[in-house]
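S.K.: What follows is a predicted protein model with its sequence.
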Amino acid sequence: GAGVSQSPSNKVTEKGKDVELRCDPISGHTALYWYRQSLGQGLEFLIYFQGNSAPDKSGLPSDRFSAERTGGSVSTLTIQRTQQEDSAVYLCASSVPGGGDEQFFGPGTRLTVL
Amino acid sequence: GDSVTQMEGPVTLSEEAFLTINCTYTATGYPSLFWYVQYPGEGLQLLLKATKADDKGSNKGFEATYRKETTSFHLEKGSVQVSDSAVYFCALSHRDDKIIFGKGTRLHILP
């Protein structure tokens, strides 16, 4: 069975440009999470979706970051006016509520802002 | 807020050595505890977990016991292999909630 997939695997962009990162969760997983992994900060939570709603957006670092989820499946994380400090690996995870708290992670998107 | 503290790396050991990576946590209530592993060039994988006090999680020769009295979840392996070289993350989560990770410990095993 397919795991969590993310695209693109690598993205290089110029400072000030907008980027969109995509996550396809495991089929049937209603919970979806975005995390960021950077050298200085380790692994940080960004946002959590249950279905199409986001009850916890507390980790989004600024209003340049937004995310949406449609059809209870695919999610897109958008970063507007990218800055060099946005360079990181963006990880997506999905889980089944009540499934023992285990989250399944995708391979990540490595974002480099020049 | 909740937090996880794990020993700084890198940790370098010879093959067949005994491994301990220390992890302590601060949390309200009774979270589940995890160890995740990230092998070079690969994604994050769950290594083992424990959901309540005194539970022992185990996988691939690794073990960790949920110690509520010391708020710890130390990772141990009796005899490490070169293939165990990776970054290890201690983490906690409350039911259906985000995971809070430690900073990670890079492990190098020398042949």
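M.R.: Yep, it's here. Numbers count the residues shown, from 1 in each chain, chains lettered A, B, ... in the order given.

S.K.: going forward, measure contacts between C-alpha atoms and count neighbours the same way
M.R.: Fine.

S.K.: show me what contacts the closest residue to chain A within chain B?
M.R.: Nearest residue of chain B to chain A, counting by C-alpha to the nearest C-alpha: B:G43, 4.6 Å away. By C-alpha atoms under 8 Å, 6 or more residues apart in numbering or on different chains, the contact list for B:G43 reads A:F105, A:G106, A:P107, A:G108.

S.K.: Let me have these in TSV, extended by secondary structure.
M.R.: Output for the contacts of B:G43, formatted as TSV (DSSP: H, G, I helix; E, B strand; the rest coil):
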residue	secondary structure
A:F105	strand
A:G106	coil
A:P107	coil
A:G108	coil
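
S.K.: of all those residues, which comes closest to chain B?
M.R.: Nearest member of those to chain B, counting by C-alpha to the nearest C-alpha, is A:P107, at 4.6 Å.

S.K.: Excluding chain neighbours, give the residue nearest to that closest one in space.
M.R.: Excluding the flanking residues, the one nearest A:P107 by C-alpha to C-alpha, 6 or more residues apart in numbering or on different chains is B:G43, at 4.6 Å.

S.K.: show me the contacts for B:R106.
M.R.: So B:R106 contacts B:G9, B:P10, B:V11, B:S85, B:A86, B:V87, B:Y88 (C-alpha under 8 Å, 6+ apart).

S.K.: Now list the buried members of the contacts of B:G43.
M.R.: Neighbour counting with 16 or more other C-alpha atoms under 10 Å in any protein chain shown marks A:F105, A:G106, A:P107, A:G108 as buried within the contacts of B:G43.

S.K.: From those, pick the one nearest A:Q83.
M.R.: A:Q83 lies nearest to A:G108 out of the buried ones among the contacts of B:G43, by C-alpha to C-alpha, at 19.0 Å.

S.K.: who touches that closest one in this structure?
M.R.: A:Q6, A:S7, A:S9, A:V89, A:Y90, A:L91, A:C92, B:G43.

S.K.: tally of neighbours for the closest residue to A:E85 other than its chain neighbours?
M.R.: The shortest distance from A:E85 to any non-neighbouring residue, by C-alpha to C-alpha, 6+ apart, is to A:V113 (7.8 Å). A count of nearby residues for A:V113, using other C-alpha atoms under 10 Å in any protein chain shown, gives 18.

S.K.: Isn't A:V113 up against A:R81?
M.R.: No. Using C-alpha atoms under 8 Å, A:V113 makes no contact with A:R81, being 10.3 Å away.

S.K.: Could you pull out the residues contacting both of these two?
M.R.: A:K15.

S.K.: Dig out what the closest residue to A:S9 other than its chain neighbours forms beta bridges with.
M.R.: Using C-alpha to C-alpha, 6+ apart and skipping the chain neighbours, the partner closest in space to A:S9 is A:T109 (4.5 Å). Counting by DSSP bridges, A:T109 forms beta bridges with A:Y90.

S.K.: From B:M7, how far off is A:T109?
M.R.: For A:T109, the distance to B:M7 (C-alpha to C-alpha, to the nearest Å) stands at 27 Å.

S.K.: what sits against residue 107?
M.R.: All of this is about chain A. Applying C-alpha under 8 Å, 6+ apart to A:P107 gives the contacts A:V4, A:S5, A:Q6, A:S9, A:L91, B:E42, B:G43, B:L44.

S.K.: Switch to chain B, please.
M.R.: B:G9, B:P10, B:V11, B:T12, B:L13, B:D84, B:S85, B:A86, B:V87, B:Y88.

S.K.: Done for today, thanks.
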